[in-house]
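Student: Structure of the sequence below:
(chains A, B and C)
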Amino acid sequence: MSKLIDWARKQSPWVLHMNCGSCNGCDIEIVDALMPRYDIERFGIKQEGTPRHADVLLCTGPVTRQMAPRLERIYEQMPEPRFVIAVGTCACSGGVFHDHYNCLGGIDQVVPVDMYIPGCSANPEALIDGITKLLEGEPEEAELGRTEPPAAEAEPPVEEPATGGD
Amino acid sequence: MDADELKAKIEDDIGDMIAETRRGRPRRIEVVLEDPDRIVEVMEYLTGEGIKHLSTITGRDDGTDVELLYHMLQYGEEKGDGDLGDGNMVTVRTFVPKGTPTIDSITDVVPGAALDEREVMDILGVEFEGHPNPDKLLLPDDWGEDEAPPLLKDEEPDEAEVDD
Amino acid sequence: MSGGSDERIPVGPQHPSLKEPANFMLDVDGEEITGADLTLSYNHRGMEEAAQRKDYLQNIYLLERICGICSHSHTTAYVQAVEELMDVEVPDRAKYIRTLIGELERLHSHLLWLGVGGHEMGFDTLWHYTWRDRELVLDSLEELTGNRVHYAINTLGGVREDVAEDQFPELRENLEQIRERAEYYREVVPEEETVLMRCEGVGTISREEASELCAVGPTARASGVPTDVRKDDPYAAYDQVDFDVVTHEDGDLLARVLVRLEEIVQSCDIVDQVLDEMPEGDLKGSPKPTHTLPNMVEEGEAISRYEAPRGELIHYIRSDGSDTPERVKVRAPTLANWPTVVEGLKGSYIADTPMIVAGIDPCISCTSRIGVEMSEDAAVSIDGGDGKLTLDDLSDYAKDWYGQEVN
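Tutor: Here you go, the predicted structure:
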């Protein structure tokens, strides 16, 4: 029965979009994907407002210190099976912000990530491609792609800000 | 009134308060304020002359002091010659010692300064006395008491730099 | 702050330990807001600190990513300041290309806002129309620069890419369509019942208030403040083209809609002029290899101002003569406009909160994370009165309150 539910879910994923400190570039492209030209709603992909009903969490941004606890909390509220997609280069690796004192360096520093969609910004085509590939895979295969966050630390690591001139 | 005329007028009117005025490229005037305690007076003068728009406050650690730059703009329309365009930018430069980085808030005179002052508080540790709402603007609440403001350099610039 | 009113509604964090980027504290009397406070905590990424560790060339690509909607604004403001310190003359063709991309950026940004604003006020048709129009602008940007977002056209001393005459016809066609649509919206939108209901007389800021609060951009101009950096501190090719500073007297949300609509038409006109008069010539002011240019920066400081779609953008650079800046300071326009939101809330209805916030065209990422909390004893009950809300919940409440359909 659960396999049927899984299949039904796969055909009509409900996505929750979360911005974790992004410049907005990827976020606008995500919203763009819902708009008439790309219209991902015709594939059954529906944007959802609360984590409790979402299958897929679309995250953008390098994860700022302020956003990290909130990202964790949202992820915890999502029922299984749940999938996380890192959208955009910043979400994948921190991007240009990877060494900033207030940024953690990517979504996978906080929650497990199932699919990485790079790009600056990731455009709607790449997004559709990534979501479809993720959901075409069997749940077990998607599991294999997971990257676990670093071993739990009490506080996210904070880099010392660089001091003075060279 | 063009920038040269405005500079001359400022020198005439408040010459006793300022150390120096400079002209840069077109539409840029700089005023150096020796005594930071007079910042509110200077702001009252400038806003009275139609130089009312604060673009932002830039803070900078120059080693011994925190340098504060108040970037003020006179809209073209306010210049009095009927022309809409071509405003004048007046930057007021002053310094507060890093040991006691305190200066009066200008929010009574320029209400729009509230957020700019809070930003400088966060990143350079300057205290703006009389600010109506001195909460953290940029930094997370859990930015510790012992974590230095991000743009403040070493505490003792005279000592040899420690290699990282 | 208290105002002798019945109750306070903290529009605040979802959870005490998770502070949202913006928290409003509203004093209310029934449905009316009698007082408002704002606590703002930006999603800080440490840009300025990082900019001190990268050279002048790398910083173009870093600062571009301050904002994905107005990235060209940031790079242009930045390189202009560096160019002052390099004492290099930017060729005219490069200035015109910067102007071209800058106005295309204004177009996409304003169309984006019209869609977002339309969605917020329950006018989803406008959202779908304007975002479809916006695709034409993105197509043109991609055609000219290679990317829909983060066009990276600027380099130190000029631009990286040329534009070709044979790209112009399609660009003009797209512009013509956009101009037609904008003129249509300009006619139809102010007559729309939904727009009038949600925007007319809402969130009004007087000219004096806008001026004292140092508001910028369309927000300030909608209150009659005649400021536009392209006029009061011209840069790129703006002293070569004809256009008007668009102002409006009413200072309400409707005025802000109308100002942006008119600016779309103006931008189309500016682009037409730029294409007509595009001068021949070099793209770069210095023949030296690009990667050596950071070494040409002299000691000194520069202040650069730019009229981004949301208003005045200011970049300050202090150089010590090395290839890495000593200090980079950026003040983006949205920061200047938050105080007008607080003023605009006073005297408005609770249900007007989301639209008044939207009116300054803030970064979407900021507004998507604004938290709302209702105190238990508030007479107005939203979401069962359990006190845990988002601005989206207030949006739904607003549509319900105004008798509109909730999506």
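
Student: in chain A, what secondary structure element scores lowest on mean pLDDT?
Tutor: None of the helices or strands of chain A scores lower by mean pLDDT, DSSP states H and E than helix A:139-144, at a mean of 44.

Student: what number of residues lie near residue 33?
Tutor: In the absence of a named chain, this looks at chain A. 25 (other CB atoms under 10 Å in any protein chain shown). In short, each C-beta sits where N, CA and C put it, glycine included.

Student: You answered for a different chain; I wanted chain C.
Tutor: 25.

Student: Remind me which helix or strand it belongs to.
Tutor: C:I33 is part of strand C:32-40 when elements are defined by DSSP states H and E.

Student: Please identify the helix or strand for C:L112.
Tutor: If you go by DSSP H and E, C:L112 is part of helix C:92-120.

Student: Next, the buried residues of the helix or strand just after that helix.
Tutor: Note on helix C:92-120: by DSSP H and E, the next helix or strand toward the C-terminus is helix C:124-145. By neighbour count on 16 or more other CB atoms under 10 Å in any protein chain shown, the buried set for helix C:124-145 is C:126-131, C:133-138, C:140-141, C:144-145.

Student: ok, these vs chain B, which is closest?
Tutor: C:V137 (26.9 Å; CB to the nearest CB).

Student: Convert the C-alpha atoms of the strand holding C:I33 to CSV, please.
Tutor: The C-alpha atoms that make up strand C:32-40 are tabulated as CSV, following Å, rounded to 0.1, in the frame of the first residue of the first chain:
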residue,chain,number,x,y,z
GLU,C,32,-7.4,49.9,12.6
ILE,C,33,-3.7,50.2,13.3
THR,C,34,-3.0,53.1,15.6
GLY,C,35,0.7,52.7,16.0
ALA,C,36,3.5,50.6,14.6
ASP,C,37,7.0,49.6,15.4
LEU,C,38,9.4,47.7,13.2
THR,C,39,12.3,45.5,14.3
LEU,C,40,14.4,44.6,11.3
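
Student: returning to what we had before: between the helix holding C:L112 and helix C:124-145, how many degrees?
Tutor: Relative orientation of helix C:92-120 and helix C:124-145, computed by axes from the mean of the first three to the mean of the last three CA atoms, to 10 degrees: 160 degrees.

Student: near chain B at all, helix C:92-120?
Tutor: No - judged by CB under 8 Å from any CB of the partner chain, helix C:92-120 and chain B are separated, with a smallest distance of 15.5 Å.

Student: pLDDT on that helix, on average?
Tutor: Mean pLDDT, computed over helix C:92-120, is 95.

Student: Does it reach chain A?
Tutor: Yes - Helix C:92-120 lies within reach of chain A by CB under 8 Å from any CB, at C:L112.

Student: C:V159 and C:T99 touch, don't they?
Tutor: No - taking CB atoms under 8 Å as the definition, C:V159 is not a contact partner of C:T99, at 10.7 Å.

Student: Comparing these two, which residue is more hemmed in?
Tutor: Neighbour tally, C:V159 and C:T99, criterion other CB under 10 Å: the higher count belongs to C:V159, 26 against 23.

Student: Just give the closest residue to residue 59, not the sequence neighbours.
Tutor: Going with chain A. Nearest non-adjacent residue to A:C59, counting by CB to CB, 6 or more residues apart in numbering or on different chains: A:I107, 4.6 Å away.

Student: nope, chain C please
Tutor: Nearest residue to C:N59, sequence neighbours excluded (CB to CB, 6+ apart): C:A51, at 5.1 Å.
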